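sequence and predicted structure are below.
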Amino acid sequence: MSPEIIERSPGAPHETPAAPDGLFPSPDEPPAPTLGALPLGARLILRCRKDWRAAAVAAFEPDTGRVVLSVASPSGHTYRVRRPPGSALSLDGPIPVLGEGTWRAAFARYDLRW
């Protein structure tokens, strides 16, 4: 039995060649998530001056190029902040985090009823 020869058309894309050891190279790393990639209403953890707070994407301002976040205050109120859409997010499991540091240590409790 002879091996079957498979030909491809000249316009077809070629596969990535294998390395000499027979392994294929890893795909490129996915780009880091950004604030502008989150959908409207998405929840995230935001670094404030002294602590970390829960926030949600409230709006996108195309004229200023900003993302508006609704932030929960420890007093029970909410306020809004604006950040650039290119702000890099880190992921703590499935939770998007905007800011540097350990958020679980200084997370502000904003509703004492629960």
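Received the coordinates, thanks.

what about the chain, any weak spots by pLDDT?
Within the chain, the segments meeting pLDDT under 70 span 1-22, 24-32, 109-114.

ends of stretch 89-100, what's the gap?
Separation of the first and last residues of stretch 89-100 by CA to CA, to the nearest Å is 9 Å.

scratch that, stretch 94-104 is what I was asking about
Start-to-end, stretch 94-104 (CA to CA) is 14 Å.

what comes up buried for that stretch?
Across stretch 94-104, burial judged by 16 or more other CB atoms under 10 Å covers P96, V97, L98, G99, W103. Just so you know, the C-beta spots here come from the backbone N, C-alpha and C atoms, and that holds for glycine as well.

again with stretch 46-57
Those would be L46, R47, W52, R53, A54, A55, A56, V57, for stretch 46-57 by 16+ other CB under 10 Å.

the first one and L40, how far apart?
The reference is to L46. As judged by CB to CB, to the nearest Å, L46 and L40 stand 16 Å apart.

please apply the same query to the second one.
Look at R47 and L40: by CB to CB, they are 21 Å apart.

put the alpha carbons of the biggest strand by length in the chain into PDB.
Counting residues, the longest strand in the chain under DSSP state E turns out to be strand 52-61. Extracted as PDB, the C-alpha positions of strand 52-61 are listed here (Å, rounded to 0.1, in the frame of the first residue of the first chain):
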ATOM      1  CA  TRP A  52     -10.900  48.800  47.000                       C
ATOM      2  CA  ARG A  53     -14.600  49.300  45.900                       C
ATOM      3  CA  ALA A  54     -17.200  47.500  43.800                       C
ATOM      4  CA  ALA A  55     -17.900  49.200  40.600                       C
ATOM      5  CA  ALA A  56     -20.000  48.700  37.400                       C
ATOM      6  CA  VAL A  57     -19.600  50.000  33.900                       C
ATOM      7  CA  ALA A  58     -22.300  52.700  33.600                       C
ATOM      8  CA  ALA A  59     -21.700  54.300  30.200                       C
ATOM      9  CA  PHE A  60     -19.300  54.900  27.400                       C
ATOM     10  CA  GLU A  61     -18.700  58.600  26.400                       C
END
